[in-house]
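Peer 1: Got a predicted model here, sequence first, then my questions.
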Amino acid sequence: QGNAIPNTTSFLFGSGSYSFDGTGDYIKMNITGNKTFSGSDTISAWVNLNPAWGDFGYVVADGAGANVYFNIQNTKAIQISWDGQVTSLTTTDTLPTRTWHNIVVSRDNGLGTGYIYINGKLSKSGALSYAPGNCVLGIGHRYTACGGTGSLYGFNGVLEELAIWNRTLSAKEVNDIYKR
């Protein structure tokens, strides 16, 4: 569900991607964060930011409280949280527009550590706690209500090859995704 636009002319792999204009485009996943995320998880996506990038935008968010999220800040830095912003990690590296980037974010529950990779290389790691959410998962924005209504902080760009694993990928696996 949602109104993100399938894009069959601007893509990196396969036969398409999804375009988001930052103002209400999204993909609604009819699953909740507590059914998706366990504390040891990985989210990967190829992203291409539009030149008109403004405010920050969510790539993935677990509902209104955004317990688990992956967003791109207005500075084009990447931020993640697995506990509704009690703890978060933000890169100092930023993403240029009009360029494809592979972003992989993960958390290891055993170590309590989060990781952000850009194009196969570790950009940031550090302590990251976990608090499961039970809201509907959104792609390309964050819902204003837990049940999956309303939209905040839309992503402005193109997303492709979004994947979620219920485990922490190794650095080698992350690099393999980038080099594919």
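Peer 2: Received the coordinates, thanks. Everything quoted here is computed from the prediction, not taken from an experiment.

Peer 1: which parts of stretch 169-180 are buried?
Peer 2: Of the residues in stretch 169-180, 169, 174-175, 177-178 count as buried by neighbour count, 16 or more other CB atoms under 10 Å. Every residue, glycine included, has its C-beta placed from N, CA and C.

Peer 1: Leaving aside the residues adjacent along the chain, what's closest to S88?
Peer 2: S81 (4.1 Å; CB to CB, 6 or more residues apart in numbering).

Peer 1: Could you report the neighbour count for that neighbour?
Peer 2: Neighbour count for S81, taken as other CB atoms under 10 Å: 26.

Peer 1: L128 versus that one, what's the distance?
Peer 2: Distance, S81 to L128, using CB to CB, to the nearest Å: 7 Å.

Peer 1: Now for those two: what residues contact both?
Peer 2: Common contacts of S81 and L128 (CB atoms under 8 Å, 6 or more residues apart in numbering): 87-89.

Peer 1: could the residues you listed go into a markdown table alongside pLDDT?
Peer 2: Conversion of those to a markdown table gives the following (pLDDT from 0 to 100):
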| residue | pLDDT |
| --- | --- |
| T87 | 89 |
| S88 | 92 |
| L89 | 96 |
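
Peer 1: tell me which of these is nearest to F11?
Peer 2: Of all those, F11 sits closest to L89, with 28.8 Å by CB to CB.

Peer 1: any weak-confidence spans in this protein?
Peer 2: 1-2, 32-35, 63-66, 147-150 (pLDDT under 70).
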